[in-house]
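1. After the sequence you'll find the predicted model.
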Amino acid sequence: MMREIVGWTVVATLCCSVRGTEFTQPAEWNVVSTNAVRQWQASKQQMKSDDLLVLNGVMADKRSGEVRLLAEAVGHSSDTIVEFLLIGPHSDRAYESAAVTVAAPDAIVRAVEFTGVKRGDCVDGLNFRFVPRGERFRFAFRPLDSDVAEQPLSSLLRESESDDSLLNEDGFVFAGGEWKMRDGVLSCVTATAPPCAVVSLYNEKSIFDLPFQAGQSEVYGRFKMRRNLPQGTLLEIILRPTDGTAVLSLDVTALSSESGIRLTLSDSEGEVNQTSALKDALEWLRNKQEGGAELYLRLKFDPALTLRQAREIAAVFDLLDGQGLHLYGKADQSVYYKAFLPRDEWRKRESRVPQPFELRITRNRENKIERKFIFIEEDWSVEGLDPALTPHEFDCSSWDELPGLLEKSAGPENKVRVLFVFAPHDMPLREFMPGINALSEQLPLVHVFNE
């Protein structure tokens, strides 16, 4: 403890001559320690090796798997609330970050990838990714111009709920930030679009994220600066992969057979491809998880399954979600598994706001399928706190008619994104999934009720 106190005293002394403005609102960041940055960069450039990658402000070592980067302390006083440990140099959010990296976020991604680690995925609710996916890294740091031993990067912070810390030994997930095609080139949006998060303290489209679900509003105010590092204090950040964990992403397809439900497990690398009974497949997954695998499963439903079977399978995986594995995303021409687990009270139109669109599938006396698409008009001009609801029903002879019925009923400015489907419990999925797929772009949030 004494060494730590002395070390931080040294840092404060070294940096006491640095003068800067206080960051309390969005503002441009400019590098403070320009000479020290140039010296660090020059020293790394001299270390020429095929196993090293040196970019502006960051160096990666393929042999050790380490990545080292530079960052400058923003200069916050202790107890300042922060939402980021690190942001990129083009960010305007220094007022809510502990430090700003010299390297651009996409350069940091390239450095990590150079060590052989693939970038993962950021949280994206519309695509049913509710936790970040990627390999884990631990962060340490040391002030560049002192002999203070390296310490966990999280030691810069004080957490208000230390008994249930979000900053544990699990490290941060290498989500890799958000990337999009621009003029035919895949570009890192996180590098230029604020907040340009490198290490976020809530789920954000950042390069590194917390390894679980943590919404911004849920954790705001939880993290404050522990120490007062003068503005421009140059820090060398060391990233090391966490030992003993590895990401395993699998497609899990539920099939119906004479002997009961079976699961097919497969991965994109072709290393996993097996079909077994439900119980045996779950046991295989449990053994993988206990062996250190971080499991991300995309659950798919065979079209031959009945709605009742799909609901039962979804209920099983709902119990497992977050218990050593993550249900992650949805397959093409399919639905997110929770679509089969709607809340029963949502059946009553009076208990839901706003009103979703409805698709009702029934069988007539001749056992032919009948389809009705329903738009529920809400009139808020009536007296009272609740709107008057007027359903408008449209017969649908072909699934191809649905997009046109949607536009006809709600207009091109429709902002409702939810579809409720009602179908017989013994109906195979193939009988109504084409209708869901026909509306998937306009109505991606689906709940299926069994009748």
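-> Thanks, I have it.
2. Could I get the full set of helices for the stretch 151-300 of the chain?
-> For the stretch 151-300 of the chain, the helices defined by DSSP state H, counting those that start in this stretch cover 216-219, 278-290.
3. Buried ones in the last one, by neighbour count?
-> Using 16 or more other Cβ atoms under 10 Å as the test for burial, helix 278-290 gives 278, 281-282, 285, 288-289. From N, CA and C alone the C-beta is placed, and that goes for glycine too.
4. So which of those residues is the closest to Gly215?
-> Using Cβ to Cβ, Gln289 comes nearest to Gly215 of those, at 25.0 Å.
5. shouldn't that closest one be in contact with Leu295?
-> Yes: the pair Gln289 / Leu295 is scored as a contact, 5.6 Å apart, by Cβ atoms under 8 Å.
6. shared neighbours, the two?
-> Common contacts of Gln289 and Leu295 (Cβ atoms under 8 Å, 6 or more residues apart in numbering): 324-325.
7. And the most centrally placed residue in the chain, how far from Asp332?
-> Central residue of the chain (Cα atoms, centre = their mean): Val123, 1.6 Å from the mean position. As for Val123, its distance to Asp332 is 21 Å (criterion: Cβ to Cβ, to the nearest Å).
8. can you check Ser165 too?
-> 39 Å.
9. more crowded one of those two?
-> Neighbour totals were compared for Ser165 and Asp332, and Ser165 leads with 11 against 7 (other Cβ atoms under 10 Å).
10. Just name the shakiest helix or strand of this protein by mean pLDDT.
-> helix 2-15 (a mean of 42; mean pLDDT, DSSP states H and E).
11. Check which element follows it along the chain.
-> Following helix 2-15 in sequence order, the next helix or strand is helix 34-45 (DSSP states H and E).
12. That following helix - what's its average pLDDT?
-> Across helix 34-45, the average pLDDT comes to 94.
13. just the CA coordinates of that helix, formatted as PDB?
-> Extracted in PDB, the C-alpha atoms of helix 34-45 (Å, rounded to 0.1, in the frame of the first residue of the first chain):
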ATOM      1  CA  THR A  34       3.300  15.300 -27.700                       C
ATOM      2  CA  ASN A  35       7.000  14.900 -27.100                       C
ATOM      3  CA  ALA A  36       6.600  11.800 -24.900                       C
ATOM      4  CA  VAL A  37       4.300  10.300 -27.400                       C
ATOM      5  CA  ARG A  38       6.800  10.800 -30.200                       C
ATOM      6  CA  GLN A  39       9.600   9.200 -28.100                       C
ATOM      7  CA  TRP A  40       7.400   6.200 -27.300                       C
ATOM      8  CA  GLN A  41       6.500   5.800 -30.900                       C
ATOM      9  CA  ALA A  42      10.100   6.000 -32.100                       C
ATOM     10  CA  SER A  43      11.300   3.500 -29.500                       C
ATOM     11  CA  LYS A  44       8.700   1.000 -30.700                       C
ATOM     12  CA  GLN A  45       9.400   1.600 -34.400                       C
END
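14. and the next element down the chain from it?
-> Counting by DSSP H and E, what follows helix 34-45 is strand 52-55.
15. From the contact counts, what lies against the helix or strand that comes right after that next one?
-> Later in the chain than strand 52-55, the nearest helix or strand by DSSP H and E is strand 58-61. Judged by 3 or more Cβ pairs under 8 Å, 6 or more residues apart in numbering; DSSP states H and E, the packing partners of strand 58-61 are strand 52-55, strand 67-73, helix 105-114.
16. sorry, back to before: dump the helices of the stretch 151-300 of the chain to a markdown table, plus distance to Ser256.
-> Compiled in a markdown table, the helices of the stretch 151-300 of the chain are given as follows (distance: least, Cβ to Cβ, whole Å):
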| stretch | distance to Ser256 |
| --- | --- |
| helix 216-219 | 39 |
| helix 278-290 | 11 |
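17. In this structure, where is pLDDT below threshold?
-> 1-21, 162-163 (pLDDT under 70).
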